[in-house]
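J.: one predicted model, sequence on top.
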Amino acid sequence: AQSVAQPEDQVNVAEGNPLTVKCTYSVSGNPYLFWYVQYPNRGLQFLLKYITGDNLVKGSYGFEAEFNKSQTSFHLKKPSALVSDSALYFCAVRDAGANNLFFGTGTRLTVIP
Amino acid sequence: KAGVTQTPRYLIKTRGQQVTLSCSPISGHRSVSWYQQTPGQGLQFLFEYFSETQRNKGNFPGRFSGRQFSNSRSEMNVSTLELGDSALYLCASSFGGSYTDTQYFGPGTRLTVL
């Protein structure tokens, strides 16, 4: 069975500092991993995905994620945080044998001016 | 290209009533999935439709149902509403529904059951 863990409910970072939002996963087959961001009263916006290939995936708004197979992790990163990055971030894995996404519990990122 | 649209955006119902939510996918997308988001349970998969057929279903009671039309638009119905059905219902569309496709989400319908 697949699962996704986001160990931090809340991450605070100062504006201009690098940010990391952590995600670990467990799947029985090949991992298909996704990051989404949710702003208040909005749906989920797609940031990036890992299907295969390079372990460093670049996405929207300057975000990137590093796939680490040995550590079963897919951490989201950004070199310099903006106040506008403050939002709720979800890591997701695609269910093996089906098309639905299985989501982590979310990490609330707050960027402090 | 227009994104995923959901109507209505907000809905207030009372227990025992039924409700229908609508989702229009991105043009050309044939797969539509529905998710429920609540503070307690997080994001949970309801069901997926592809070419008017339900292809996958999550662990929800039969009160939750859906359908997809020939133009790929989808509706979700909840009958005999319960207080616990209060949630943000999100619809997502993808091109063909393969494992590598990206799901793009709509803004959601906020359902409040009183």
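T.: It's in.
J.: pLDDT wise, what is the closest residue to B:Tyr35 other than its chain neighbours at?
T.: Spatial nearest neighbour of B:Tyr35, chain neighbours left out: B:Leu90 (4.5 Å); criterion: C-beta to C-beta, 6 or more residues apart in numbering or on different chains. The C-beta positions use only the backbone N, C-alpha and C, and glycine is treated the same way. With respect to pLDDT, B:Leu90 has a value of 97.
J.: and B:Leu90, how far is that from A:Ile112?
T.: Applying C-beta to C-beta, to the nearest Å, the value for B:Leu90 to A:Ile112 is 29 Å.
J.: return the set of buried residues in the lowest-mean-pLDDT helix or strand in chain B.
T.: Of all helical and strand segments in chain B, the minimum by mean pLDDT, DSSP states H and E falls on strand B:53-57, at a mean of 93. Neighbour counts over strand B:53-57 (16 or more other C-beta atoms under 10 Å in any protein chain shown) mark B:55-56 as buried.
J.: quick one: it near chain A?
T.: Yes - applying C-beta under 8 Å from any C-beta of the partner chain, one finds strand B:53-57 touching chain A at B:55-56.
J.: any low-confidence regions in chain B?
T.: In the predicted model, chain B carries no residue with pLDDT under 70.
J.: spatially central residue for it, please.
T.: Nearest to the mean C-alpha position of chain B, by C-alpha atoms, centre = their mean, lies B:Trp34 at 3.2 Å.
J.: for the closest residue in space to B:Asp101 that isn't next to it in sequence, give its distance to B:Ile26.
T.: Distances taken as C-beta to C-beta, 6+ apart put B:Ser94 closest to B:Asp101, at 4.0 Å, once the chain neighbours are dropped. Distance, B:Ser94 to B:Ile26, by C-beta to C-beta: 9 Å.
J.: and the strands in chain A, which stretches?
T.: Per DSSP state E, chain A has strands spanning A:3-5, A:10-14, A:19-21, A:24-26, A:33-38, A:44-50, A:56-58, A:64-68, A:73-78, A:87-94, A:101-103, A:107-112. These are given in chain order.
J.: buried residues, the longest one. List them.
T.: Going by neighbour count (16+ other C-beta under 10 Å), the buried part of strand A:87-94 is A:87, A:89-94.
J.: ok so, going back, contact partners for the residue nearest to B:Tyr35?
T.: By C-beta atoms under 8 Å, 6 or more residues apart in numbering or on different chains, the contact set of B:Leu90 is A:43-44, B:6, B:34-37, B:43, B:105-106, B:108.
J.: residue ranges with poor pLDDT in chain A?
T.: Looking at chain A by pLDDT under 70, you get A:96.
J.: returning to what we had before: which members of the buried residues of strand A:87-94 define the maximum pairwise distance?
T.: Farthest-apart pair in the buried residues of strand A:87-94 is A:Ala87 and A:Arg94; separation 22.3 Å (C-beta to C-beta).
J.: how about the residues of chain B that lie near chain A?
T.: Checking chain B against chain A by C-beta under 8 Å from any C-beta, the hits are B:4, B:6, B:31, B:33, B:35, B:42-43, B:45, B:48, B:50, B:55-56, B:58, B:90, B:92, B:94, B:97-108, B:110.
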